[in-house]
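A.B. asks: how would this look folded up:
(3 chains)
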Amino acid sequence: MIDVGKDAAENLRKLREQKPLVHNITNYVVMNFTANSLLAMGALPVMAHAENEVEEMASIAGALVINIGTLSDPWIRAMFLAGKAANKNDIPVILDPVGAGATSFRTNTAKQLITELDIAVIRGNASEMLSLSGEDSRTKGVDSIHTVEDAAQAAVELALELDAVIAITGEKDLVTDGDTVFRVNNGHKLMGMVTGSGCVATAAIAAFMAVNDNFLRATAFALGYFGLAGQWSAIKNTRPGSFKVGLVDSLYDIGSDDLMTGLKLEVMHEA
Amino acid sequence: MIDVGKDAAENLRKLREQKPLVHNITNYVVMNFTANSLLAMGALPVMAHAENEVEEMASIAGALVINIGTLSDPWIRAMFLAGKAANKNDIPVILDPVGAGATSFRTNTAKQLITELDIAVIRGNASEMLSLSGEDSRTKGVDSIHTVEDAAQAAVELALELDAVIAITGEKDLVTDGDTVFRVNNGHKLMGMVTGSGCVATAAIAAFMAVNDNFLRATAFALGYFGLAGQWSAIKNTRPGSFKVGLVDSLYDIGSDDLMTGLKLEVMHEA
Amino acid sequence: MIDVGKDAAENLRKLREQKPLVHNITNYVVMNFTANSLLAMGALPVMAHAENEVEEMASIAGALVINIGTLSDPWIRAMFLAGKAANKNDIPVILDPVGAGATSFRTNTAKQLITELDIAVIRGNASEMLSLSGEDSRTKGVDSIHTVEDAAQAAVELALELDAVIAITGEKDLVTDGDTVFRVNNGHKLMGMVTGSGCVATAAIAAFMAVNDNFLRATAFALGYFGLAGQWSAIKNTRPGSFKVGLVDSLYDIGSDDLMTGLKLEVMHEA
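C.D. replies: Okay, the predicted model is just below:
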């Protein structure tokens, strides 16, 4: 465990030293919150979605986020272009399948993205992940109606099938590459009252991946760090408006040492 | 009055119990604020605007918000598709004609929407409402240059013509179905300094309508609740940045009993 | 110097009295923050980007902001339409070339805009400004890798070539019309941790220009005012989430007299 904490601290330290550019093709609702959170972490965010430029932008980034939260046809085309450019340049891609399961448009787009692109990490809630596994899952809009446990088995299978890291976030987060399974016990229930907290978790993973080739660990560390920021914010803030402000403040405040001591990462199964 | 307060409290209680999904086709400026406010109220927001999915999304929602604040042709097509799907499935639709009167594009789109769709409630400011009534109203961008009183008669006539509830918000809000006229005396002047406070009021009405078939009352209750949140926030916050944060906090804080005692609803005319 | 302070105070006083409409064609990331900031300053924001309405909207505005932060083809077409309508109606246009230099799409679009439109002011960071001057500048996404000093000479040349005011913002801001050069020493380093603070600076200039025909001074005053708001916010807020909230509060709080005494404007070179 101490080893893991040190490793996480080193990941955060490198992130702040290297300030990687994170290219986000993400939804309208969370763009501002995502950009501010990435800045607070120490990364440099850029949002670009035009087919005219996404290949060029993705090629100079440290990681690419594809988030399907507010989809339309031109954006889907841009996601494929950016994803292929990232793949070609060995830039890690993370997918956030927001609302997969809610409409067939979202489910199908998410499935097509994971089929045609080389995705390093997928992060979603339990309902979204089940819908990607071919289960007949229905989400209530973009909120999960399943628990993380419900989707644990599907996550392991999906990870093996896609050779990717799968992260299911919820009360306790689960991260797996199909062999090792981590549980991240950081976090606070008010995070579920802030729109886009899942999307920002995804962006945090991208930032950690940009400086850590061990994507399984980068994912777990980023979720631990983000969850810890929620815990820190909740100390002073008990309501969602001020909690959100405090969350950004806490992302900024948490140092490498704080992450080392605050990370609550449990190894459920090791390869 | 006591009866009205109890009824409002019951509406809020049901909203929190049932957590209705509110489908928003809304403008870019207010998406984040709207989603966070809906979560704070107890509803589940979803934003989706692609023609590929709006019918499916609207069909599983508890209410549909159509807000024309940042229009373009593909979004207009999606508004009609979503609106027709909602109508077919008896899901209530609320229209926010942001900036009607400012450009003919907005005025014409709003008029076409109320002609072709079955709209349950329209909420706007006085200038917007006058422009829908065929008056030669000009707004200053998206801000009203008329008082609620200026548009009161037009609201009653529009309500009768469309068989809809009309809500004009301003210093004092007016809500009418053409027969009964309510005045909502909750609210605070700082709300006018927060972009999208009108749009969030519209979303609040949608959330209340999703669990209350009496749309006249649902509209008045939602505006009273939202105005009360403004009053609560203003107790501690005297400037617009922090006031906005406090508004979301207050939406979360206000309980059913608080609404029962805090609602300031005046019956101006009863059918 | 006293004269400059009085002039700045008068500019802010007029802005609050006349409440000019500022039409923004800006990027998704900053729309909400921009609108709230403009309201806090005393201006009326409107966001509209559809080709169907931008000419009409620009024609009734006091100033037009063109910000290329999240570009796409339809938006570019709208930028040209709006810009030409503004030019025709003698409404000042300000360009924010966000990310010029990062992709050729952005660099080319920005160059085309300054060629085909009559732009009164351009505000950007040093890397963006160098890329407009034909230097082979690369930005890291939307963040500058150059200092203001690096781009000072290019700014003077660009101002003369375009007959426009050029503002480069950074640690110290530089404002020039090619003859006079101002340095604005207001500001705080936390502003760089808030996404869109540059974009809001641009919107502030637009608001000041809408009521002051001396665009050189309007630009310097607006940057001084915005920087002062950063200083005020930093007194109480040391972290980016709460700093941003305090920035909007401070824009609202700062009165004309505060600006007169707080403005730190240095004349580096006078024509």
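
A.B. asks: closest residue of the stretch 51-200 of chain A to chain C?
C.D. replies: Nearest residue of the stretch 51-200 of chain A to chain C, counting by CB to the nearest CB: residue A:53, 3.8 Å away. C-beta here means a position set from N, CA and C on the backbone, and glycine is covered the same way.

A.B. asks: show me what contacts that residue?
C.D. replies: Each residue near residue A:53 by CB atoms under 8 Å, 6 or more residues apart in numbering or on different chains is listed here: C:71, C:103, C:104, C:105, C:106.

A.B. asks: bridged to the second one, which residues?
C.D. replies: Meaning residue C:103. Beta-bridge partners recorded for residue C:103 (DSSP bridges): residue C:100.

A.B. asks: check the contacts of residue A:53 and tell me the two furthest apart.
C.D. replies: Using CB to CB, the two most remote members of the contacts of residue A:53 are C:71 and C:104, lying 11.8 Å apart.

A.B. asks: for stretch A:220-240, list every residue counted as buried.
C.D. replies: Residues A:220-234, A:237, A:239-240 are the ones in stretch A:220-240 that count as buried (16 or more other CB atoms under 10 Å in any protein chain shown).

A.B. asks: these in helices, which ones?
C.D. replies: A:220-234, A:240 (DSSP state H).

A.B. asks: which residue does the stretch 151-271 of chain A have closest to chain B?
C.D. replies: For the stretch 151-271 of chain A, the residue closest to chain B is residue A:241, as judged by CB to the nearest CB, at 3.1 Å.

A.B. asks: what pLDDT does the closest residue in space to that residue that isn't next to it in sequence get?
C.D. replies: In this structure, residue A:241 finds its nearest non-sequential neighbour in residue B:248, 3.1 Å apart by CB to CB, 6 or more residues apart in numbering or on different chains. On pLDDT, residue B:248 comes in at 98.

A.B. asks: and the helix or strand hosting residue B:248, what other elements does it pack with?
C.D. replies: Per DSSP states H and E: residue B:248 is located in helix B:240-253. When contacts are defined as 3 or more CB pairs under 8 Å, 6 or more residues apart in numbering or on different chains; DSSP states H and E, helix B:240-253 sits against helix A:240-253, helix B:31-41, helix B:215-236, helix C:31-41, helix C:240-253.

A.B. asks: now do 6 Å
C.D. replies: helix A:240-253, helix B:31-41, helix B:215-236, helix C:240-253 (3 or more CB pairs under 6 Å, 6 or more residues apart in numbering or on different chains; DSSP states H and E).

A.B. asks: I'd like the next helix or strand past the last one.
C.D. replies: Where DSSP H and E defines the elements, the next helix or strand beyond helix C:240-253 is helix C:256-262.

A.B. asks: quick one: strands adjacent to the helix or strand just after that following helix?
C.D. replies: Using DSSP H and E, the helix or strand that follows helix C:256-262 in sequence is strand C:265-269. Sheet pairing for strand C:265-269, assigned by DSSP bridges, gives strand C:181-184 (antiparallel).

A.B. asks: report pLDDT for residue A:141.
C.D. replies: Note for residue A:141: predicted pLDDT of 72.

A.B. asks: list the buried residues for the helix or strand of chain A with the lowest mean pLDDT?
C.D. replies: Ranked by mean pLDDT, DSSP states H and E, the helix or strand of chain A with the weakest confidence is strand A:265-269, at a mean of 90. Buried positions in strand A:265-269, judged by neighbour count with 16+ other CB under 10 Å: residue A:265.

A.B. asks: what's in contact with that strand?
C.D. replies: Strand A:265-269 is contacted by residues A:4, A:181, A:182, A:183, A:184, A:220, A:224 when judged by CB atoms under 6 Å, 6 or more residues apart in numbering or on different chains.

A.B. asks: can you list those in TSV and add pLDDT?
C.D. replies: Below are these laid out as TSV (pLDDT from 0 to 100):
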residue	pLDDT
A:4	92
A:181	97
A:182	97
A:183	97
A:184	97
A:220	98
A:224	98
